[in-house]
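no FASTA, just this:
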C-alpha cells in the first residue's frame, strides 16, 4: 500500500497510517525506493517495477504466489496445529480466487506449482518420512 500511496503522490510519510511492524520503518525511509525494506522483504524488488508500470494483474499474481509459498512454508513447518489449519484454509482461498478468475490458467499454474513444490528436496523428504511412519 505504501508503494502505491507514494507513487500516486497522495500522502507523505507523516500521513501514512499502516498497520504492523513495518509502519515506522516505512515512514522513516519514505524517500528510499523500497523504504529500506529490500533486505528484509527481497520480493519488493520484483513487485515495485510491476506497480510503477501499472501491471496490476501481474502484481496481484506475484503477491499471491509469494503468499502461497509463505503459507505453505508455515503449514509444513508445524505438525497439525491451528496455524497449519489456518494456512491451509488461506491457501485454498487463494486457489479458489485464482480458479474463479481463469480456470485453464489456474489449472496450469496449479500443476506447475505442485510439480515445483513436490520436486523440492525438503518436501520429498517430508513426504517420504510421512509414508514411512504410516508403514
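Here it is on my side, so go on. Here the structure is a predicted model, which means the values were calculated and not measured.

And the helices in this protein?
In chain order, the chain shows helices spanning 2-8, 23-28, 44-52, 56-77, 82-101, 103-118, 121-134, with DSSP state H as the criterion.

Give me the neighbour count for residue 114.
Here the count is done by other CB atoms under 10 Å, and residue 114 has 10 residues near it. For the C-beta atoms, the positions are set from N, CA and C on the backbone; glycine is no exception.

looking at it, residue 63 is touching residue 44, isn't it?
No. Under the criterion of CB atoms under 8 Å, residue 63 lies out of contact with residue 44, with a separation of 10.7 Å.

mind showing which ranges of this structure have poor pLDDT?
Applying pLDDT under 70 to the chain picks out residues 135.

Domain map for it?
Taking automatic domain parsing as the reference, the chain has its domains at 2-52, 56-134.

how far does the shortest one sit from the chain's center?
Distance of domain 2-52 from the chain centroid (CA atoms, centre = their mean, to the nearest Å) equals 16 Å.

From one end of it to the other, what's the distance?
13 Å (CA to CA, to the nearest Å).

So which bits of stretch 21-38 are buried?
Applying a neighbour-count criterion of 16 or more other CB atoms under 10 Å, one finds 22, 25-27, 29-30, 34-35 buried in stretch 21-38.
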